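Novice: one predicted model, sequence on top.
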Amino acid sequence: MAEQPRPTIILASGSPRRRELLEQLGLSLTIILPDVDETPHDAEDPVAYVRRLAIAKAFAVDAPADALVIAADTTVDLDGEILAKPDDAAHATEMLRRLSARTHRVHTGVAVRLGDTHAAEVVTSLVTFTSLTPAMIEWYVATGEPIDKAGAYAVQGAGGVFVQRVRGSVSNVVGLPLHAVVRLASELGVTLVG
């Protein structure tokens with residue numbers, strides 16, 4: 001039986017980190033930014049939140065029926081509270097102060113879509129921060145890195161210096177659990193690796 005050609009792959013995200021992770025697999029991508037309101041619903045828990053947004057983003061982009069759309073949403077969960085991207089430097093400082101010397105969860109909702117069919121799941125990793133001094137937080141916030149990151153840090157950037165331990169998928173903490181993307185695509189009949 002002849003191998004099916006790989007479909008066009010659309011990444012429904014403007015995240016350079018997600019693009020880089022998928023390109024590391026040798027995938028050629030078309031980037032289309034989804035227009036989705038990311039405001040949490042009243043009393044929405046972090047897992048339901050990222051799953052809902054990932055699916056919404058997958059369906060928010062205009063894609064040919066034979067294109068594979070990959071979408072994701074990541075949030076930091078501290079004691080059940082969603083720590084999304086900080087509003088400003090003061091907000092980032094407060095988030096980092098709260099994460100200091102604590103373990104939190106990073107949830108990424110992943111959705112893959114082929115035509116009207118989709119598969120989705122949420123992957124969770126546990127991240128433990130070292131104890132942060134006010135000077136360390138001030139230094140990091142001054143780098144500007146925390147401003148567009150869920151939880152106000154990037155494990156793959158300078159913020160990695162604060163991460164003492166990760167339990168679970170590291171690519172999940174970066175923003176896209178690659179093992180889940182490959183498995184979900186396979187459920188829709190698309191082989192991304194191998």
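Specialist: Received the coordinates, thanks.
Novice: quick check: residue 188 vs residue 110, distance?
Specialist: 12 Å (Cβ to Cβ, to the nearest Å). To be clear about C-beta, it is placed using only N, CA and C from the backbone, and glycine gets the same treatment.
Novice: the two: who's more crowded?
Specialist: More crowded of residue 188 and residue 110, by other Cβ atoms under 10 Å: residue 110, with 29 against 15.
Novice: wait, that one touches residue 179, no?
Specialist: No - the criterion here is Cβ atoms under 8 Å, and residue 110 misses it with residue 179 at 9.9 Å.
Novice: contacts only, for the most centrally placed residue in the chain.
Specialist: Taking Cα atoms, centre = their mean, the centroid of the chain lies closest to residue 175, which sits 2.8 Å from it. By Cβ atoms under 8 Å, 6 or more residues apart in numbering, the contact set of residue 175 is 15, 17-18, 21, 72, 74, 108.
Novice: only the buried residues of the longest helix seen in the chain, if you could.
Specialist: The longest helix of the chain (DSSP state H) is helix 46-60. Within helix 46-60, the residues that count as buried by 16 or more other Cβ atoms under 10 Å are 46-47, 49-60.
Novice: quick one: the strands in this protein?
Specialist: Along the chain, the stretches classed as strands by DSSP state E are 9-11, 29-31, 68-78, 81-83, 103-114, 117-129, 163-167.
Novice: angle of the longest one against helix 46-60?
Specialist: Counting by axes from the mean of the first three to the mean of the last three Cα atoms, to 10 degrees, strand 117-129 lies at 140 degrees to helix 46-60.
Novice: who does strand 117-129 touch, helix- and strand-wise?
Specialist: In this structure, strand 117-129 makes packing contacts with helix 46-60, strand 103-114, strand 163-167, helix 170-174, helix 178-187, judged by 3 or more Cβ pairs under 8 Å, 6 or more residues apart in numbering; DSSP states H and E.
Novice: so which of these comes closest to residue 135?
Specialist: Residue 135 lies closest to strand 163-167 among those, at 18.1 Å (Cβ to Cβ).
Novice: how far away from the center of its chain is the closest one?
Specialist: 17 Å (Cα atoms, centre = their mean, to the nearest Å).
Novice: got it, and stretch 23-33?
Specialist: Using Cα atoms, centre = their mean, the offset of stretch 23-33 from its chain centre is 15 Å.
Novice: start and end of it, how far apart?
Specialist: 17 Å (Cα to Cα, to the nearest Å).
Novice: buried residues in it?
Specialist: Quick answer for stretch 23-33 (16+ other Cβ under 10 Å): 27, 32.
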